[in-house]
Structure formats: C-alpha cells, structure tokens
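[1] Show me the folded form of this:
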Amino acid sequence: MISIQNLLNRIRWDKEFGKGEFAIGYFDHVEQKIIRVPFQEIHFEEGNHFSFHLRNSRGELCTIPFHRVKEVYKDSELIWSRSH
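    From the prediction side, this is the model:
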C-alpha cells in the first residue's frame, strides 16, 4: 500500500492524477470520529514530513499528524484507507 505522505504528494504534484475532487478523512480526538475535509482546505508546511494544518469546524487552526489520516476520497470514491 502507498504511504499517506506519498499519496498526498501525488495528489499535489501529479497533474493527471490530481484531477478531480479530493477529500481526506482524519480521526478527530475531540469528536471521537473521522472528519472529512476537502483537500483544498489542507495547508502543507514546506519541510514538514509529519503533519499538515487545517481549520476545524470551530475555526481553530489544527495540526493533523499524517498517522491520523484514515481515508482519502477522489470524486467521492474511497481510494485509500487504513484500519480505524
């Protein structure tokens, strides 16, 4: 299976593969469930190989470690997952 870091990089940098609407599902420790967010809401920090940033539903900036990503969707179809 492809690592989540490699998949996210492929979405970002492979123009052909990156066509479509992507979303990721990450485990939220506060909500105790998987939260799905559009890929365009994710912010990557150059040189950071462990996490990304996004704003949660309360508008707070959150740092999400890659290991908390549980699902990736392309055009609403699940294309990658790991055990919950």
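
[2] Now for the spatially most central residue of the chain: which residues touch it?
    Geometric centre of the chain, nearest residue: Ile24, 3.8 Å, by C-alpha atoms, centre = their mean. Ile24 makes contact with 8, 36-37, 39, 42, 69, 71-73 under the criterion C-beta atoms under 8 Å, 6 or more residues apart in numbering. (Each C-beta comes from the backbone N, C-alpha and C, glycine too.)

[3] between these, which is closest to Ser57?
    Val37 (9.4 Å; C-beta to C-beta).

[4] quick one: which helix or strand includes that closest one?
    Taking DSSP states H and E as the criterion, Val37 maps to strand 33-38.

[5] That strand: what's the following helix or strand?
    Taking DSSP H and E, what comes next after strand 33-38 is strand 51-55.

[6] From the contact counts, what lies against that following strand?
    Applying 3 or more C-beta pairs under 8 Å, 6 or more residues apart in numbering; DSSP states H and E, one finds that strand 51-55 makes contact with strand 61-65.

[7] Return the list of strands paired to the strand it packs on, each annotated with direction.
    strand 51-55 (antiparallel) (DSSP bridges).

[8] now could you export just the CA positions of the strand it pairs with as PDB?
    C-alpha atoms of strand 51-55 as PDB (Å, rounded to 0.1, in the frame of the first residue of the first chain):
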ATOM      1  CA  SER A  51       1.700  16.800   9.600                       C
ATOM      2  CA  PHE A  52      -0.400  19.300   7.800                       C
ATOM      3  CA  HIS A  53      -2.600  22.200   9.000                       C
ATOM      4  CA  LEU A  54      -6.300  23.000   8.600                       C
ATOM      5  CA  ARG A  55      -9.100  24.900  10.300                       C
END
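
[9] Perfect, that will be all.
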